[in-house]
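**Q** What shape does this take:
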Amino acid sequence: MSEEISLARIEAAADLIDPQFRSTPQYVDPQLSMALGREVMVKVEVANPLGSFKGRGADFFVGELEQGLRLVCATGGNFGQALAYAGRRHGFPVDVFVAATLDPGKLARIRALATEVRVIEGEDEEDAKEAAREHAAGDAALLFVEDGRELAIAEGAGTIGVELVAAAPLDTLVVQVGDGALIGGVAAWVKEHLPSTRIVGVCPSGSPAMALSWREGRPVTTARADTIAAALAVRTPVPESVARVRPLVDDFVLVDDADMIEAMRIVADTLGFLVEPAGAAGVAAILRHDIEGERLAVLLTGQGLPAALRSAVLAPGPATPR
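**A** Take a look at the predicted model:
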C-alpha cells in the first residue's frame, strides 16, 4: 500500500527547498486568456536555473539523504538535470542514464551537471530506467532514485500548490501528468485548502498509461509511448504514484501531438516562453477540451524547443491544421 503524501511535509518543503525554485511567477495574461477563450492563470515553472519544476522535488528529496551515497537515475531530460543539480548542492555524485533518442539540448544540459552520463540504446526513458535499476542493484553505495516512486519528490512538487492557493478562487487546475509526482503533490495541497477546485490531469493520446491507470484504479501498462512529449512518455506507471493520484484527481483528458505544438506556439506568441511539448500540455488541454470552470489555472512545467519542432512552433499562423 502506498504511503500518503504529507501536507505537513509539503509545508516544510516550502521553506526548505532551494529558494531558486520557489515563488515562481503566476498571473493572468489577457492575451493568453483571449486565445483560450476564458480567464486562465499561468504559473511559470520555467523561471529557474533548470527551466522546469523538477528542482523542487529533487532538492527536497536529496536534502534528506545521509551522506556517502552515489545517486543513480534515468531521465527523459528534466529529472536528470534536477537530481544532478540537487546532488551538487548537497554533496552527492549523480549518475544519469538516458536513451540515445534524448533531445541533444537536454543531453548537453545533463552533461553539464551530472557526475557521469550513460547513454544506452533504447527508445525512451523507460529503457534507460531499466538499465539504471540494474546498474544500482546489489550495491549498497548506489541509490536508484525513481521520480514517481519517491514520496519526498511528490511532496517537494506539492510546494507549487502552496503558492497556487494564494491565487484563489480557482475553478479548475489543469496539470500535465508523466510519472504523477507533480499532480499528486499539487493536488494533495490544493484539495485540502481549496476543496471545490477541480483537478484535471493531462496525458498525451500516444502515452495514455497514467490516464488509463486512473480510470482502472490500478497500473495499466501500454506497449508503447508514442509522443513528442518525452517528459510525459510513460509505458509502465509506478504503482505507488497511481495509488496516490487516483483519489485526488477529478478527471483526465488526452491531447494529441498537434494540440501540444499549437499550444507551444500560442505560449510563445502570447507569453514569450519557448516551452517543451510537455510544458504546454495543460494549455493544449484547454484548447482541445471543454474543461469546466470560468477561472482556470495551468502550469508551464518545462522549457526547451526541440530542433525538430522549431519551424512548426515559430512559424506565423496555425502550427498544424485543425
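**Q** quick one, helices of the stretch 201-322 of the chain?
**A** 209-216, 239-245, 257-271, 281-288, 310-314 (DSSP state H, counting those that start in this stretch).
**Q** In terms of secondary structure, what does the first one contact?
**A** I take that to be helix 209-216. strand 198-204, helix 239-245, strand 251-255 (3 or more CB pairs under 8 Å, 6 or more residues apart in numbering; DSSP states H and E). To be clear about C-beta, it is placed using only N, CA and C from the backbone, and glycine gets the same treatment.
**Q** Which stretch among those is buried most, on average?
**A** strand 198-204 (a mean of 26; mean count of other CB atoms under 10 Å).
**Q** Direction-wise, compare that one with helix 281-288 and give the angle.
**A** Angle between the axes of strand 198-204 and helix 281-288 is 100 degrees (criterion: axes from the mean of the first three to the mean of the last three CA atoms, to 10 degrees).
**Q** helices or strands up against strand 198-204?
**A** Against strand 198-204 (3+ CB pairs under 8 Å, 6+ apart) you get strand 172-176, helix 181-193, helix 209-216, strand 251-255, helix 281-288.
**Q** So what's the residue count around the nearest residue to residue 78 once chain neighbours are set aside?
**A** Distances taken as CB to CB, 6 or more residues apart in numbering place residue 52 nearest to residue 78, at 4.1 Å, with adjacent residues excluded. For residue 52, the count of nearby residues is 26 (other CB atoms under 10 Å).
**Q** Could you check the pLDDT of residue 52?
**A** For residue 52, the model assigns a pLDDT of 97.
**Q** backbone phi and psi for it, please?
**A** Backbone torsions for residue 52, taken as degrees, to the nearest 10, come to phi -160, psi 170.
**Q** my read: it touches residue 82, true?
**A** Yes: using CB atoms under 8 Å, residue 52 is in contact with residue 82, at 6.9 Å.
**Q** Of all the helices and strands packed on helix 209-216, which one is nearest residue 75?
**A** helix 239-245 (16.1 Å; CB to CB).
**Q** Reformat the helices and strands packed on helix 209-216 as JSON lines; add mean pLDDT and distance to residue 123.
**A** Formatted as JSON lines, the helices and strands packed on helix 209-216 follow (pLDDT from 0 to 100; distance: least, CB to CB, whole Å):
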{"stretch": "strand 198-204", "mean pLDDT": "98", "distance to residue 123": "15"}
{"stretch": "helix 239-245", "mean pLDDT": "96", "distance to residue 123": "21"}
{"stretch": "strand 251-255", "mean pLDDT": "98", "distance to residue 123": "21"}
